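[1] Below: sequence and its predicted model.
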Amino acid sequence: MSDTLYIMNKTLVCFGRVMDVMNNLLPESRVIVISDENVARLYPELVGRFENIIICSGEGVKNLATVEHIYNELMSLGADRSTFLLGIGGGIVTDITGFVASTYMRGVKFGFVSTTLLGQVDASVGGKNGVNVADYKNMVGTITHPQFVVSDVEMLKTLPVREWRAGMAEVIKSAIVGDKELFDYIMRYSYNEIYSNIDHMQYIVRRAVTVKASIVEEDERESGMRRLLNLGHTIGHAIEKLTHEVNHGEAVAIGMSLISRASVKVGLLNISDVERINDCLLKFGFNLELPASIDDILTATRKDKKKAEGAIHVVLPVAIGECEVRNMSFEEFDNMFM
């Protein structure tokens, strides 16, 4: 059994077992898989079913050198405009696959099998694809939608706990941005109850994707409402730039905690909601201590790709389930944390 939803009438998101839905999604044309070494080892029957290009794993490969390597491999395989690219992996693999597909021969069709929680609820849906430049996150990319995304929560069983937790940061973000019922749901159950229960995970993934889909439908190109999805990310990306000791979800968790406290300072959020947000993050094992000085973090935000004309778009929680975007100078932004 599978559940589905459409995003922008361009992407079919399928929530179900990958082996049950894959044959109905793939085109009759040639398929080439892009995946990483870990996923290829875990799912040889899926990755090995097609011609494939296997890259190394980790954030360090999310760059233009890897993209060029894949271009060369595709040309060596004789891939043409009728070739379908299938990214099987987490957010790094799907970001790279989407960017390659969007640019190879000026664009070929593509789809994803998302194997991580962070990928299922965020990275693989919404059409954003990109790579890092000089450790700055997603500085080069496109907005091009995959034909489909398969989210099989059974695949999450293979995730290391730390990677699963990283995905929960994006789930919590979605709840704070636009789904109080989802926030209440994940607060109702213990860490272990959610982590070990497929039904809970299916519900959580579906709700988080629905939040993102509803926002992308209103603002595909991030000219307004879609900026809400950056809650915690301006600070989070700065932390990722400064230290390689935290992953994306851990950095975003710290960012959400900091920006929630800042939102109280500017008179938007109640302190009781900040306490609930921090309690939720702590329940899932996030360390909310700063891994770098606040001065260094604020300096690093000046390289954020969301800045424009000396100002930055800042996402501030108003209540759990509601946020707003404010355009601030960097001085105004810095003052919220002083």
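    Yep, that arrived.
[2] what residue ranges in the stretch 201-338 of the chain score low on pLDDT?
    Applying pLDDT under 70 to the stretch 201-338 of the chain flags residues 305-306.
[3] all strands of it, in order?
    Secondary structure of the stretch 201-338 of the chain by DSSP state E, counting those that start in this stretch: the strands cover 307-308, 311-319, 322-329.
[4] buried set for the strand or helix carrying Ile176?
    Following DSSP states H and E, one finds Ile176 within helix 161-178. Judged by neighbour count (16 or more other CB atoms under 10 Å), helix 161-178 contains these buried residues: 163-178. Yep, even glycine has a C-beta here, placed from its N, CA and C like the rest.
[5] continuing past that helix, what's the next helix or strand?
    Next along from helix 161-178, by DSSP H and E: helix 180-188.
[6] Run the chain-centre distance for that next one.
    Relative to its parent chain, helix 180-188 has a centroid offset of 20 Å by CA atoms, centre = their mean, to the nearest Å.
[7] Can you name the residues in contact with the following helix or strand past it?
    Following helix 180-188 in sequence order, the next helix or strand is helix 191-196 (DSSP H and E). With contact meaning CB atoms under 8 Å, 6 or more residues apart in numbering, helix 191-196 is reached by 161, 164, 186, 200-201, 204, 283-285.
[8] 6 Å instead?
    200, 283-284 (CB atoms under 6 Å, 6 or more residues apart in numbering).
[9] Which positions within the helix or strand harbouring Ser76 qualify as buried?
    Per DSSP H and E, Ser76 falls inside helix 64-77. Neighbour counts using 16+ other CB under 10 Å place 66-67, 70, 73-74 of helix 64-77 among the buried residues.
[10] Can I get stretch 3-22 in CSV, CA atoms only?
    Taking C-alpha atoms only, stretch 3-22 is exported to CSV below (Å, rounded to 0.1, in the frame of the first residue of the first chain):
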residue,chain,number,x,y,z
ASP,A,3,0.0,7.0,-0.2
THR,A,4,0.7,9.9,-2.6
LEU,A,5,0.7,13.6,-3.0
TYR,A,6,1.6,16.0,-5.8
ILE,A,7,3.8,19.0,-5.5
MET,A,8,3.3,21.8,-8.1
ASN,A,9,1.7,19.2,-10.4
LYS,A,10,5.3,18.2,-11.1
THR,A,11,6.4,15.8,-8.5
LEU,A,12,4.6,12.7,-7.3
VAL,A,13,5.6,11.9,-3.8
CYS,A,14,5.0,8.2,-2.9
PHE,A,15,4.9,7.1,0.7
GLY,A,16,5.3,3.3,0.5
ARG,A,17,7.7,0.4,0.0
VAL,A,18,10.1,1.2,-2.8
MET,A,19,9.9,-2.3,-4.3
ASP,A,20,6.1,-2.0,-4.5
VAL,A,21,6.0,1.3,-6.3
MET,A,22,9.2,1.6,-8.4
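[11] Pull out the buried residues from that stretch.
    Buried-residue list, stretch 3-22, by 16+ other CB under 10 Å: 5, 7, 11-16, 18, 21-22.
[12] tell me the average confidence for that stretch?
    For stretch 3-22, mean pLDDT rounds to 95.
[13] and if you look at stretch 45-53?
    97.
[14] Residues contacting that stretch, please?
    Contacts for stretch 45-53 (CB under 6 Å, 6+ apart): 31-35, 40, 70, 73, 88.
[15] From the residues you listed, pick the one nearest Gly127.
    Using CB to CB, Ile34 comes nearest to Gly127 of the contacts of stretch 45-53, at 17.3 Å.
[16] In a strand, the closest one, correct?
    Yes - using DSSP: H, G, I helix; E, B strand; the rest coil, the assignment for Ile34 is a strand.
[17] All further residue positions should be reported with the first residue as 54.
    Right, with 54 as the first residue, what we last looked at is Ile87.
[18] what pairs with it across the strands?
    On the basis of DSSP bridges, Ile87 is bridged to Ile106, Gly140.
[19] how near is it to Asp272?
    28 Å (CB to CB, to the nearest Å).
[20] Quick check on the two: which one has the bigger neighbour count.
    Ranked by neighbour count (other CB atoms under 10 Å), Ile87 and Asp272 place Ile87 first, with 27 against 14.
[21] Next one: the more buried one, what pLDDT does it get?
    98.
[22] Send me the helix ranked longest in the chain as PDB with only the CA atoms.
    Longest helix of the chain, by residue count under DSSP state H: helix 251-271. Only the C-alpha atoms of helix 251-271 are listed here, as PDB (Å, rounded to 0.1, in the frame of the first residue of the first chain):
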ATOM      1  CA  ILE A 251       6.900   2.600  11.600                       C
ATOM      2  CA  ASP A 252       3.300   4.000  11.900                       C
ATOM      3  CA  HIS A 253       4.600   7.000  13.900                       C
ATOM      4  CA  MET A 254       7.300   7.600  11.300                       C
ATOM      5  CA  GLN A 255       4.900   7.300   8.400                       C
ATOM      6  CA  TYR A 256       2.600   9.900  10.000                       C
ATOM      7  CA  ILE A 257       5.500  12.300  10.800                       C
ATOM      8  CA  VAL A 258       7.000  12.100   7.400                       C
ATOM      9  CA  ARG A 259       3.700  12.600   5.600                       C
ATOM     10  CA  ARG A 260       2.800  15.600   7.800                       C
ATOM     11  CA  ALA A 261       6.200  17.300   7.400                       C
ATOM     12  CA  VAL A 262       6.100  16.900   3.600                       C
ATOM     13  CA  THR A 263       2.600  18.300   3.500                       C
ATOM     14  CA  VAL A 264       3.800  21.400   5.300                       C
ATOM     15  CA  LYS A 265       6.600  21.900   2.700                       C
ATOM     16  CA  ALA A 266       4.400  21.100  -0.200                       C
ATOM     17  CA  SER A 267       1.800  23.600   0.800                       C
ATOM     18  CA  ILE A 268       4.400  26.300   1.100                       C
ATOM     19  CA  VAL A 269       6.200  25.400  -2.200                       C
ATOM     20  CA  GLU A 270       2.800  25.500  -4.000                       C
ATOM     21  CA  GLU A 271       2.400  29.200  -2.900                       C
END
